[in-house]
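> Have a look at this prediction, sequence included:
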Amino acid sequence: MVFVKVREGESIEEALRRFKRECERNGILKEIKRREHYLSPSLRRKLKAQEARRKMRRAKRRRTT
């Protein structure tokens, strides 16, 4: 859970900006987007395998250059 105390003399906009930055650092928005739609276990495995293949291609490309 993210807490941001409003500092003395700080505007609400600045505090909100700090709050958003903390949420981004903690990965809250990423987690919300991940949970937005249900993924079946088989689709989750398929996407994980695709990501692994993509990473391998990238690593292979970097090694050859």
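Nice, I can see it.

> CA atoms for contacts and neighbours, from now on please.
Noted.

> For His37, give its distance to Ser11.
36 Å (Cα to Cα, to the nearest Å).

> What distance do you get for the residue of the chain most remote from its centre to Phe3?
Within the chain, the residue lying farthest from the chain centre (Cα atoms, centre = their mean) is Gly9, at 31.4 Å. With distances taken as Cα to Cα, Gly9 is found 18 Å from Phe3.

> Show me the shaky parts of the protein.
65 (pLDDT under 70).

> can you pull the contacts of the residue most central in space within it?
The chain has Lys30 as the residue nearest its centroid, 3.5 Å off, counting by Cα atoms, centre = their mean. Residues near Lys30 by Cα atoms under 8 Å, 6 or more residues apart in numbering: Glu24.

> Is it within a helix or a strand, and which one?
Assigned by DSSP states H and E, Lys30 belongs to helix 28-35.

> chain center to that helix, what's the gap?
In terms of Cα atoms, centre = their mean, to the nearest Å, the gap separating the centre of helix 28-35 from the centre of its chain is 7 Å.

> next SSE after it?
Counting by DSSP H and E, the next helix or strand C-terminal to helix 28-35 is helix 41-64.

> CA atoms only for that following helix - export them in PDB, please.
Extracted C-alpha coordinates of helix 41-64, given in PDB (Å, rounded to 0.1, in the frame of the first residue of the first chain):
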ATOM      1  CA  PRO A  41      -3.700 -21.000 -17.500                       C
ATOM      2  CA  SER A  42      -3.100 -22.300 -21.100                       C
ATOM      3  CA  LEU A  43      -3.100 -18.800 -22.500                       C
ATOM      4  CA  ARG A  44      -0.800 -17.600 -19.700                       C
ATOM      5  CA  ARG A  45       1.700 -20.400 -20.600                       C
ATOM      6  CA  LYS A  46       1.500 -19.600 -24.300                       C
ATOM      7  CA  LEU A  47       2.300 -15.900 -23.600                       C
ATOM      8  CA  LYS A  48       5.100 -16.800 -21.300                       C
ATOM      9  CA  ALA A  49       6.600 -19.100 -24.000                       C
ATOM     10  CA  GLN A  50       6.300 -16.400 -26.600                       C
ATOM     11  CA  GLU A  51       8.100 -13.900 -24.300                       C
ATOM     12  CA  ALA A  52      10.900 -16.400 -23.600                       C
ATOM     13  CA  ARG A  53      11.400 -16.900 -27.400                       C
ATOM     14  CA  ARG A  54      11.500 -13.200 -27.900                       C
ATOM     15  CA  LYS A  55      14.100 -12.700 -25.200                       C
ATOM     16  CA  MET A  56      16.200 -15.500 -26.700                       C
ATOM     17  CA  ARG A  57      16.100 -13.800 -30.100                       C
ATOM     18  CA  ARG A  58      17.100 -10.500 -28.600                       C
ATOM     19  CA  ALA A  59      20.000 -12.100 -26.700                       C
ATOM     20  CA  LYS A  60      21.100 -14.000 -29.700                       C
ATOM     21  CA  ARG A  61      21.100 -10.800 -31.800                       C
ATOM     22  CA  ARG A  62      23.200  -8.900 -29.200                       C
ATOM     23  CA  ARG A  63      25.800 -11.700 -29.000                       C
ATOM     24  CA  THR A  64      26.300 -11.700 -32.800                       C
END
